[in-house]
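J.: Pasted the sequence and its predicted model underneath.
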Amino acid sequence: MSTAETKVVQPRPYALPGVSMRDLLASCAAAHTISTPPRVPDPGTMERTEPRRKAA
C-alpha cells in the first residue's frame, strides 16, 4: 500500500457522530441530578429552638 492511498475508516457501532464524550457525560450527570429527589436534612444539623412563651 503506498502512502498516497488513504484508508477507509469504518465507523464504530458504539460511536455517536457529532456527540463528544464531554457532552455525553454532562447530559448523564444532569439527568441523574434532575431525577434524584432532594436529600432529607440531617437531624443533627437542624437548629434547635427553645419553646416559645405564650403571650400574656
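T.: Yes, it's here.

J.: Spatially central, which residue of this structure would that be?
T.: Nearest residue to the geometric centre of the chain (CA atoms, centre = their mean): residue 29, 1.0 Å.

J.: before we move on, which element is that one in?
T.: Using DSSP states H and E, residue 29 sits in helix 21-35.

J.: any idea of the mean pLDDT for that helix?
T.: In this model, helix 21-35 carries a mean pLDDT of 93.

J.: Can you show me the CA trace of that helix as CSV?
T.: Extracted C-alpha coordinates of helix 21-35, given in CSV (Å, rounded to 0.1, in the frame of the first residue of the first chain):
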residue,chain,number,x,y,z
MET,A,21,-17.7,12.3,25.3
ARG,A,22,-17.8,15.5,27.4
ASP,A,23,-21.3,16.4,26.2
LEU,A,24,-22.5,12.8,26.7
LEU,A,25,-21.2,12.7,30.3
ALA,A,26,-22.6,16.1,31.1
SER,A,27,-26.0,15.1,29.9
CYS,A,28,-25.9,11.9,32.0
ALA,A,29,-24.9,13.9,35.1
ALA,A,30,-27.7,16.4,34.5
ALA,A,31,-30.3,13.6,34.1
HIS,A,32,-29.0,12.0,37.3
THR,A,33,-29.2,15.3,39.2
ILE,A,34,-32.8,16.0,38.0
SER,A,35,-34.1,12.5,38.7
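
J.: which other helices and strands contact it?
T.: Using 3 or more CB pairs under 8 Å, 6 or more residues apart in numbering; DSSP states H and E as the contact test, no helix or strand touches helix 21-35. (Glycine included, C-beta is placed from N, CA and C.)

J.: Pull the number of nearby residues for residue 5.
T.: Per other CB atoms under 10 Å, the neighbour tally for residue 5 reads 7.

J.: Check what pLDDT it gets.
T.: For residue 5, the model assigns a pLDDT of 70.
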